[in-house]
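Chemist: show me the folded form of this:
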Amino acid sequence: MSGHSKWHSIKHKKAAIDAKRGKLFSKISKELTVAARVAGGDPIMNPRLRTVLLAAKEANMPQDNIEKAIKKGTGELPGVSYEETFYEGYGPGGVAIIVEALTDNKNRTASEVRSIFSKRSGSMAGAGAVAWMFNKKAYFVVKADSKEEEKLMEQVIDAGVDDITFDEENNVFEITAPPENFEKVRKLLENSKYDIETSSLSFLPSSYIKVQGGDARSVLSLIDALEDHDDVQNVYSNFDISSEEIEKFENG
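Modeler: Presented below is the predicted three-dimensional model:
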């Protein structure tokens, strides 16, 4: 299984922890506000907003919080203006990292992200330094249950998917497609009654770097610290770490 999907599983575990729930809601609220500001507060006319609303639903975010965040974006309520920005860098073992952030102060966020990298054996890099190692994709995780991969492929092939893989460890299918096919694939999966665990636009690495031992723990520590920053929405990396290493990290 890819490093991306492994870390994705870890993020889902974190989202279920009450202590982190407030921070998760804050990140989703920012994204709702930005999505509404860019293309309006009507999800029917705003694909980006529809995607974030799905994330809010998955996180069990209160409807009142959702409505307030959207109204801040449309100007119906006062709010902070956030800018979308990306940072690139390297972690222990030479792994490549892309950090996606929403901030009201780019200089402050850049300085703080740089500090996180440097304190955890990583280093910031210039724009484009590692982005070429990733491809932006529509990314879905659906529960396998009794569904067969061949049947799933038959159902979604016309929606323009790139690849379907079965993750035996977590009993899910991972589906990737070009970003422009996100809505088409999502609707098809919903109409076919698949249980969608994840639906997002993600940066997926074209290849992976195996890390273990001390480097593995350092990479996970760095990713964890970046994820925990208030302005950081998502972190993408090309690490490949065994389940055993992840469990060791989780258990301290």
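Chemist: helices along the stretch 151-252 of the chain, start to end?
Modeler: For the stretch 151-252 of the chain, the helices defined by DSSP state H, counting those that start in this stretch cover 182-191, 213-228, 243-250.
Chemist: tell me the most buried of those?
Modeler: helix 213-228 (a mean of 19; mean count of other C-beta atoms under 10 Å). Where C-beta positions appear, they are placed from N, C-alpha and C, glycine not excepted.
Chemist: check which helices and strands it is in contact with.
Modeler: Counting contacts by 3 or more C-beta pairs under 8 Å, 6 or more residues apart in numbering; DSSP states H and E, helix 213-228 packs against helix 3-15, strand 96-103, helix 106-119, strand 232-237, strand 239-240, helix 243-250.
Chemist: the same query, at a cut-off of 7 Å, please.
Modeler: Contacts defined by 3 or more C-beta pairs under 7 Å, 6 or more residues apart in numbering; DSSP states H and E place helix 213-228 against helix 106-119, strand 232-237, helix 243-250.
Chemist: so where's the stretch 1-150 of the chain uncertain?
Modeler: Regions of the stretch 1-150 of the chain meeting the criterion pLDDT under 70 cover residues 1-22, 146-147, 149.
Chemist: so which residues of it form helices?
Modeler: Using DSSP H, counting those that start in this stretch, helices in the stretch 1-150 of the chain cover 3-15, 18-39, 47-58, 63-74, 106-119, 149-156.
Chemist: which residue of this protein lies farthest from its centroid?
Modeler: With distances taken as C-alpha atoms, centre = their mean, the residue sitting farthest from the centre of the chain turns out to be residue 76, at 28.3 Å.
Chemist: need phi/psi at that residue.
Modeler: phi -70, psi -20 (degrees, to the nearest 10).
Chemist: no further queries at this time; thank you.
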